[in-house]
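next input, structure requested:
(chains A and B)
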Amino acid sequence: MVFPAKYPSLNAVQMTDEARETLIRVLRVAFPHTCVPDGPYERTADRILTEAEAETWFRVALSQGLLSLNQLAGGDFRALDDDAALRTLRRVGGTEFFGFVRRTAVLNLYDDAEVWEALGYEGASFDQGGYLHRGFDDLDWLPEPRIEFPPDAVLPEIAAGAAPLPPGGPTPPADSVNQPGATASDMEEVKK
Amino acid sequence: MTEQTRPGRSTTGYSVPVEEEAVVIIGSGAGGGTLAYELTARGIPVVVLEAGPHLTHEDYVNDEWEAFNQMAWLDPRTTSGSWRIARDFPNLPAWIVKAVGGTTTHWSGATPRFKAHEFKARATYGRIEGANLLDWPIGLEELAPYYDRAEKAMGSTHVHGRKPLPANNNYKVFAAGAERAGYRFYATGPYATNAEEYDGRPASIQDGFNFQGDKNGSKWSTLVREIPRAAATGLLDLRPESQAVQITHDAEGRADAVLYLDSEGNLHRQAAATVCLAANSVETPRLLLLSGTPSFPQGLANSSGQVGRNYMRHTTGTVWGHFEKPVRMYRGETMAGMIADESLHDPDRGFAGGYYMETISLGPAFMAAFADPGSWGPDFAALLDRYLNTAGMWVVGEDMPQETNRVSLNTTVKDENGLPVPNVHFDDHPNDVAMREHGYASGEKVFGAVGATSTHRTPPYPSTHNLGTARMSERPEDGVVDGWGRAHDVPNLFISDGSVFTTGAAANPTLTIVALAIRQAEYIADQLRSGGTRPL
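The predicted structure is shown next:
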């Protein structure tokens, strides 16, 4: 938890290059994709720093959060191996600092053309005529399925065990207000 | 439609004077857009107030977040209740569109019909603790001819001679899994997206950006069909960026005008002879609640106290299956597959009502945001690493109406116009939970049958199917509108969107909203001509 300062100048801190590198390492550990190059992680870190510029509150949370990561790491978070770094992040997983980093990263890291390419997603397609002639149906490891409902069968709507109305004749007449009948639920004991 | 016009005024070249008592339609989506076309086609001029801008197919983009920001209804809203949305997306209870064409520009296109018993949920399911079940005042036999007309208008595949969509990659996995899991009733539709040219709209080019407006115009929406056709009659006064904020009434309790704000925040008043409200199931009750007066102290048309209550969102969930070989589910129509075997009512499964399974695909950006909100770390990253080899399906089924699931005014938070924002409160009913569990398990069975190495359950997205907050009822004390969508309390006020659903059924709602709107338009035209028994 961080607190707003009495005077804004107390929060007028700036992030150093070391802070940026620590942040990139945080992103690499929190969202570990061996297939993704450094560029998207760097861009996401820069985006987080930019968002923090705009909001005193985020900036304070970020600077305090990075500081506490180094403290938990016994000096330098960047020096930890993957496993130790992950365990350290789990310890701060519930903090406002980490929530801000996680949220911003999820919304930006995966909104990056280089990440899409690494994951096998091709992005915009309309300008290339869609996928009509570019493999919308090129999956070949399963048989060609039918695309229409079976012509000779009727889909049941109600299972046999679920009679739409209880057996035993027509619906009982509705109860009137002052003469509760068999279906009334609010009858009370009558006393003389 | 591109000529310069004043804010809050018609963009079609045809304009109704503000002091002239007009038929005023609020909203231009499935309900409002259909109504506008059906009325103007009968020679009745209408004013359509649309809160959002007039985006066109040139404006749409093949990019998930950019399109979301361009199209979605992002006005502030709040949430409460035990649903996960209140934790993960507290200011985004519903995923709907604020633009001409409404949410028909975003919808997937699935067009199943209601089944006969789904209009009689109370009689069929019996009393269910905590559920405010009620039978519809109309049945399938009354709606069937309008379903036919709606399907023809929308070009639903598989019916009325429309060709089925071809199998895309995601469907191949889905269908093979269905077959091996023992399901029989699977197909690539019905979907209101053209497999071949029809009704002036081209065949799908399978670009995979259906939710982002469908640049190709192959998918039915009121933006591609009803709005331009209404404009062509010369009787459509369309006012984009005109957000209704109040419906006023006269001393007799009849609606007499709609107040609305233009893009610059100026307040306008359009006199009204008849008002048709089709603002989707969050804004519709909000507007009625904002229109309370000493004559209608609980909000307009709310003598029953049911306005805003019985909010339904369908019981939904997504199952992802991961395979050893590539799927590339993002290639082709986002939704183009349906398994209907579980859509029956079979209480032996442990819940009332049924559900469909439908193919779905998300890009990495939305997958990261929605697959497991709040999650991070190696397991989360592995979900994305398997993206190429992932197939997806969406479970969508009937949820129980509950009086406490409710859209109300949050008077502690206001929007940029100073009006209280809507709060959406939702708790799952035990029947909803049981159905969702069954749906997840069925999805896993389907993907498991074709060799999924792992599967992942995604919780419901911000709601795309918003229903029930001004429901139809036979008796005025049980609901807000009658079987025509006409307010019990206000004779010249109609509700024309999914708010009128008495119960939600398993089917995706758009086809039913359109069928109801065609039927309602016929009724309104008839009443206007004949004078009717309760004058409009």
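
which helix or strand lies directly C-terminal to the helix or strand where residue B:368 lies?
Assigned by DSSP states H and E, residue B:368 belongs to helix B:364-370. Per DSSP H and E, the first helix or strand lying C-terminal to helix B:364-370 is helix B:378-385.

my guess is residue B:269 meets residue B:262, correct?
No: checked against Cβ atoms under 8 Å, the pair residue B:269 and residue B:262 is beyond contact range at 11.8 Å. C-beta: built from backbone N, CA, C; applies to glycine.

which one of those two has more residues nearby?
The neighbour count for residue B:269 versus residue B:262, taken as other Cβ atoms under 10 Å in any protein chain shown, is higher for residue B:262 (17 against 14).

tell me how far that one lies from residue B:271.
Residue B:262 sits 17 Å away from residue B:271, going by Cβ to Cβ, to the nearest Å.

skip the chain neighbours and tell me the closest residue to residue A:113.
Nearest non-adjacent residue to residue A:113, counting by Cβ to Cβ, 6 or more residues apart in numbering or on different chains: residue A:123, 6.1 Å away.

contacts only, for the one you found.
Taking Cβ atoms under 8 Å, 6 or more residues apart in numbering or on different chains, we find residue A:123 in contact with A:113, A:116, B:62-63, B:363.

so which of those residues sit within helices?
Those of the contacts of residue A:123 mapping onto helices are A:113, A:116, per DSSP state H.

looking at the contacts of residue A:123, which is nearest residue B:51?
Proximity of the contacts of residue A:123 to residue B:51, judged by Cβ to Cβ, is greatest for residue B:63, which lies at 23.4 Å.

quick one: least confident helix or strand in chain A?
When the helices and strands of chain A are scored by mean pLDDT, DSSP states H and E, helix A:56-72 comes last with a mean of 92.

that helix: what's the following helix or strand?
Next along the chain from helix A:56-72, counting by DSSP H and E, comes helix A:82-91.

per-residue confidence for the residue nearest to residue B:477 when sequence neighbours are not counted?
In this structure, residue B:477 finds its nearest non-sequential neighbour in residue B:304, 5.4 Å apart by Cβ to Cβ, 6+ apart. At residue B:304, the model reports a pLDDT of 98.

okay, now residue B:304: neighbour count?
Look at residue B:304: counted by other Cβ under 10 Å, it has 20 neighbours.

same question for residue B:400.
By other Cβ under 10 Å, 27 other residues sit near residue B:400.

just confirm residue B:321 is within a strand.
Yes: membership of residue B:321 in a strand is supported by DSSP: H, G, I helix; E, B strand; the rest coil.

returning to that earlier point: report the mean confidence score over the helix holding residue B:368.
Per-residue pLDDT over helix B:364-370 has a mean of 98.

centre of the chain versus it, how much separation?
From the chain centre to the centre of helix B:364-370 is a distance of 22 Å (Cα atoms, centre = their mean, to the nearest Å).

ok, residues contacting it?
By Cβ under 8 Å, 6+ apart, the surrounding residues in contact with helix B:364-370 are A:106-107, A:109-111, A:115-116, A:119, A:121, B:64-65, B:362, B:383-384, B:387, B:458, B:461.

could you rerun that using 7 Å?
Here helix B:364-370 makes contact (Cβ atoms under 7 Å, 6 or more residues apart in numbering or on different chains) with A:106-107, A:110-111, A:115-116, A:119, A:121, B:64-65, B:362, B:384, B:387, B:458, B:461.

chain neighbours aside, what residue packs nearest to residue B:451?
Take residue B:451 and drop its neighbours on the chain: the residue closest to it by Cβ to Cβ, 6+ apart is residue B:323, 6.3 Å away.

what average pLDDT does stretch A:38-49 get?
97.

pretty sure residue A:147 is touching residue B:164, no?
Yes: counting by Cβ atoms under 7 Å, residue A:147 touches residue B:164, with 4.8 Å between them.

find residues that contact each of these two.
Counting by Cβ under 7 Å, 6+ apart, the residues touching both residue A:147 and residue B:164 are B:187-188.

before we move on, the earlier item: out of the contacts of residue A:123, who's nearest residue B:177?
residue B:363 (22.4 Å).

residue B:141 versus that closest one, what's the distance?
When distance is defined by Cβ to Cβ, residue B:363 is 43 Å away from residue B:141.

same deal with residue B:69?
Distance of residue B:69 to residue B:141, given as Cβ to Cβ: 44 Å.

and residue 132, how many neighbours?
You didn't pick a chain, so chain A it is. Look at residue A:132: counted by other Cβ under 10 Å, it has 18 neighbours.

please refer instead to chain B.
Per other Cβ under 10 Å, the neighbour tally for residue B:132 reads 21.

again, but for the one 5 residues further on
For residue B:137, the tally of surrounding residues (other Cβ under 10 Å) stands at 19.

can you name the residues of the stretch 351-500 of chain B sitting close to chain A?
B:363-365, B:368-369, B:376-378, B:381, B:384-385, B:387-388, B:450 (Cβ under 7 Å from any Cβ of the partner chain).

of those, just the buried ones, ChimeraX syntax please.
Selecting only the buried entries of those in ChimeraX, with 16 or more other Cβ atoms under 10 Å in any protein chain shown as the criterion:
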select /B:363,364,365,368,369,376,377,381,384,385,387,388,450
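
closest one to residue B:86 out of the residues of the stretch 351-500 of chain B next to chain A, please.
residue B:369 (16.7 Å).

on that earlier part again, what helix or strand does the residue nearest to residue A:113 sit in?
Under the criterion DSSP H and E, no helix or strand holds residue A:123.

one more: residue B:176?
Going by DSSP H and E, residue B:176 is in helix B:169-181.

then that helix to CSV, C-alphas only?
Presented in CSV, the C-alpha positions along helix B:169-181 are these (Å, rounded to 0.1, in the frame of the first residue of the first chain):
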residue,chain,number,x,y,z
ASN,B,169,-10.8,-24.9,-39.0
ASN,B,170,-12.4,-24.4,-35.7
TYR,B,171,-15.6,-26.1,-36.9
LYS,B,172,-13.6,-29.2,-38.1
VAL,B,173,-12.4,-29.8,-34.5
PHE,B,174,-15.8,-29.0,-33.0
ALA,B,175,-17.8,-31.2,-35.4
ALA,B,176,-15.4,-34.2,-35.3
GLY,B,177,-15.4,-33.9,-31.5
ALA,B,178,-19.2,-33.7,-31.4
GLU,B,179,-19.5,-36.8,-33.6
ARG,B,180,-17.1,-38.8,-31.5
ALA,B,181,-18.7,-37.7,-28.3
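
after that helix comes which helix or strand?
Next along the chain from helix B:169-181, counting by DSSP H and E, comes strand B:186-187.

next one, pLDDT for the residue most central in space within chain A please.
By Cα atoms, centre = their mean, chain A has its centre lying nearest to residue A:106, at 7.6 Å. On pLDDT, residue A:106 comes in at 97.

residues of stretch B:153-166 that come out buried?
Of all the residues in stretch B:153-166, those buried under the rule 16+ other Cβ under 10 Å are B:153-159, B:162-166.

any idea how far that stretch is from the middle of the chain?
Centre-to-centre, stretch B:153-166 and its host chain are 21 Å apart (Cα atoms, centre = their mean).

OK, contacts around residue B:392?
Contacts for residue B:392 (Cβ under 7 Å, 6+ apart) come out as B:170, B:318, B:320, B:329, B:359-362.

quick check: longest strand of chain B.
Determined from DSSP state E, the single longest strand within chain B is strand B:267-277.

in the stretch 351-500 of chain B, what residue lies closest to chain A?
Taking Cβ to the nearest Cβ as the measure, the stretch 351-500 of chain B has residue B:388 as its residue closest to chain A, at 3.2 Å.

fine by me, we can end here.
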